[in-house]
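> this one's sequence-less:
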């Protein structure tokens, strides 16, 4: 039994659009920093919260609302959700079709022998888990296993909220603190200049603005490298599936170097200019 999200075509389209909007806006904050006049920190933070974080959170909410389970047992594909209880005889499944685009997550659809599509798609991070269970039950999934979306999904690491927290929120304290320190010396003549002149509240608010802006820019910087890397892995999965794990390892190393090494390098270049 696997925990999944069971989505109708409509809700899959809605949640996929929300995730696509969230992902598409990620690089724009770094681009805005380069091509636009100085953007006030609070404006960038609000834009990120409304344009990127909100659509993603709504999509996550949809997936949670339609969470369920899938099980292959007794010659039957069993789909269970709070409002859904569907049993599909495996013999009636004509085609197993992984979703071409892994939005809002990787997923699998089914075409029945009658030619009708099963009205629920199964969204799960590891489609191969379900494909293995179907194969053991005698369903032909050979073509499905080779789909680029499945191969690509199998190379990915499971997302970790704690990892994201450490990578973006905690790490942002360092570059954000450096920028905040510089601002205090330029604008107020010392590390605690604003505190002495305006009080603790404005001082902390300014720190929050620099910290929050730095988080947004770090996420934007990482997204540029991540997007290029995911395209490379997906293209490899389509052209040479056996090479995809190797390309994934290269991409992960490249993204790590670009982030953990690139951010300090950009700071050095900023202050050396």
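Received the coordinates, thanks. These numbers come from a predicted model, not from an experiment.

> How far away from the center of its chain is whatever helix or strand residue 256 lives in?
Residue 256 is part of helix 244-256 when elements are defined by DSSP states H and E. In terms of CA atoms, centre = their mean, to the nearest Å, the gap separating the centre of helix 244-256 from the centre of its chain is 17 Å.

> Would you mark the buried spots in the next helix or strand after it?
Reading on from helix 244-256 to the C-terminus, the next helix or strand found by DSSP H and E is helix 262-272. Counting neighbours by 16 or more other CB atoms under 10 Å, one finds that the buried residues in helix 262-272 are residue 263. In short, each C-beta sits where N, CA and C put it, glycine included.

> Report the rounded mean pLDDT for helix 262-272.
In this model, helix 262-272 has an average pLDDT of 88.

> for stretch 104-116, same thing?
Average pLDDT, stretch 104-116: 93.

> what does stretch 234-251 give?
Averaging pLDDT residue by residue across stretch 234-251 gives 96.

> which residues are contacting that stretch?
Here stretch 234-251 makes contact (CB atoms under 8 Å, 6 or more residues apart in numbering) with 146, 148-149, 151-152, 154-156, 229-230, 232-233.

> buried stuff in stretch 36-52?
Applying a neighbour-count criterion of 16+ other CB under 10 Å, the buried positions in stretch 36-52 are 41, 44-45, 47-48, 51-52.

> actually stretch 151-160, not the one I typed
Of the residues in stretch 151-160, those buried under the neighbour-count criterion (16+ other CB under 10 Å) are 151-155.

> for stretch 197-205, same thing?
Result for stretch 197-205 [16+ other CB under 10 Å]: buried residues residue 203.

> what about that stretch, distance to the chain center?
Going by CA atoms, centre = their mean, the spacing between the C-alpha centre of stretch 197-205 and its chain's C-alpha centre is 35 Å.

> for stretch 232-240, same thing?
Taking the mean of its C-alpha atoms, stretch 232-240 sits 19 Å from the chain's own mean (CA atoms, centre = their mean).

> before we move on, what about stretch 111-123?
Using CA atoms, centre = their mean, the mean C-alpha position of stretch 111-123 is found 27 Å from that of the whole chain.

> What are the contacting residues of it?
4-9, 12, 63, 70, 79, 84, 86, 88, 91-95, 97, 99, 104-110, 130.

> Also stretch 191-201?
Stretch 191-201 is contacted by residues 181, 184-185, 187-188, 190, 202-203, 206 when judged by CB under 8 Å, 6+ apart.

> where in this structure is pLDDT low?
Scanning the chain for pLDDT under 70 picks out 273.

> which residue ranges form the strands in it?
2-7, 67-73, 76-81, 84-89, 93-98, 107-112, 121-123 (DSSP state E).

> about what we covered before: ok, which pair from the contacts of stretch 234-251 is furthest apart?
146 and 229 (21.5 Å; CB to CB).

> Settle it for me: which of the two has more neighbours?
Taking other CB atoms under 10 Å, residue 146 and residue 229 do not tie; residue 229 has more neighbours (19 against 13).

> re the thing from before, just the buried ones among the contacts of stretch 191-201, please.
Members of these that pass the buried threshold by neighbour count (16+ other CB under 10 Å) are listed as 184, 188, 203, 206.

> Pick out whichever of those residues sits closest to residue 223.
Taking CB to CB as the measure, residue 223 sits nearest to residue 206 out of those, at 26.1 Å.

> Pretty sure the closest one sits against residue 180.
Yes - the pair residue 206 / residue 180 is scored as a contact, 6.9 Å apart, by CB atoms under 8 Å.

> where along the stretch 51-200 of the chain do the helices fall?
Across the stretch 51-200 of the chain, reading from the start of the chain, the helices by DSSP state H, counting those that start in this stretch fall at 54-65, 127-136, 142-145, 148-155, 161-164, 173-188, 193-198, 200-239.

> so how far is the second one off the chain centroid?
With CA atoms, centre = their mean as the basis, helix 127-136 stands 24 Å off its chain's centre.
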